[in-house]
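Peer 1: This is the structure alone, sequence omitted:
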């Protein structure tokens with residue numbers, strides 16, 4: 001028994017139809033269609049989003065290797081605000097120093113909730129015992145960047161779920177989030193992903 005594909009499939013969505021060429025093209029007229037639950041589609045795209053996030057980290061390997069040394073970070077186009085904010089705002093001092101707003105730990109120029117999350121991650125960085133001061137800071141910057149990359153990957157997965165859940169009749173639209181080139185280019189550029197994820201959750 002056959003049934004027609006739902007809206008949003010390769011028959012109705014031109015983007016999905018074009019993208020399907022890499023796996024054999026759109027479904028044929030007599031193809032047997034077994035509709036997938038939106039949760040399954042969301043889970044698949046959540047897994048695929050890890051590739052986008054990983055690519056965003058890989059293109060910043062030159063900066064990670066050299067601890068964001070200038071001017072190389074600009075020549076290699078791998079600059080990120082995260083390590084510089086970690087050092088400049090003294091996020092390694094943790095949440096207590098952030099709440100006190102001491103001179104040694106100025107408040108990051110971010111919304112309060114974002115600054116709080118940044119301070120929490122900063123408190124998770126190692127103390128760098130046994131390293132020289134320069135090596136200690138470089139190591140902490142790399143660890144902090146890695147923690148943000150992990151958090152960013154989690155937030156992107158949640159965004160994919162929220163988008164698919166918001167348009168359950170066309171969950172394939174979540175692909176526009178999971179595989180968006182802008183995710184690879186900007187995810188670890190700044191902490192803005194937190195605000196975007198919260199806005200997406202609000203829409204959901």
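Peer 2: Good, I have the coordinates. Just so you know, these numbers come straight off a predicted model, no measurement behind them.

Peer 1: Can you give me the buried ones in the longest helix anywhere in the chain?
Peer 2: Using DSSP state H, we find that the single longest helix of the chain is helix 133-166. Under the neighbour-count criterion of 16 or more other C-beta atoms under 10 Å, helix 133-166 has 136-138, 140-145, 147-149, 151-153, 155-166 buried. For every residue, glycine as well, the C-beta is placed using N, CA and C.

Peer 1: cool, and stretch 81-101?
Peer 2: For stretch 81-101, burial by neighbour count (16+ other C-beta under 10 Å) applies to 81-83, 85-86, 89-95, 97-98.

Peer 1: Contacts only, for the one residue sitting closest to the centre of the chain.
Peer 2: Taking C-alpha atoms, centre = their mean, the centroid of the chain lies closest to residue 152, which sits 3.5 Å from it. By C-beta atoms under 8 Å, 6 or more residues apart in numbering, the contact set of residue 152 is 53, 187, 188, 193.

Peer 1: quick one: which of the residues you listed is nearest residue 17?
Peer 2: residue 53 (26.4 Å; C-beta to C-beta).

Peer 1: can you tell me how far the closest one sits from residue 94?
Peer 2: 26 Å (C-beta to C-beta, to the nearest Å).

Peer 1: all helices for this protein, in order.
Peer 2: Under DSSP H, the chain gives helices at 14-19, 38-58, 61-66, 72-75, 81-88, 94-100, 112-122, 133-166, 175-178, 181-186, 193-203.

Peer 1: Redo the ones you listed as JSON lines? Include mean pLDDT and distance to residue 25.
Peer 2: As requested, those are arranged in JSON lines below (pLDDT from 0 to 100; distance: least, C-beta to C-beta, whole Å):
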{"stretch": "helix 14-19", "mean pLDDT": "76", "distance to residue 25": "8"}
{"stretch": "helix 38-58", "mean pLDDT": "94", "distance to residue 25": "19"}
{"stretch": "helix 61-66", "mean pLDDT": "92", "distance to residue 25": "36"}
{"stretch": "helix 72-75", "mean pLDDT": "87", "distance to residue 25": "42"}
{"stretch": "helix 81-88", "mean pLDDT": "90", "distance to residue 25": "42"}
{"stretch": "helix 94-100", "mean pLDDT": "75", "distance to residue 25": "53"}
{"stretch": "helix 112-122", "mean pLDDT": "91", "distance to residue 25": "44"}
{"stretch": "helix 133-166", "mean pLDDT": "94", "distance to residue 25": "24"}
{"stretch": "helix 175-178", "mean pLDDT": "93", "distance to residue 25": "17"}
{"stretch": "helix 181-186", "mean pLDDT": "92", "distance to residue 25": "23"}
{"stretch": "helix 193-203", "mean pLDDT": "95", "distance to residue 25": "31"}
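
Peer 1: No further queries at this time; thank you.
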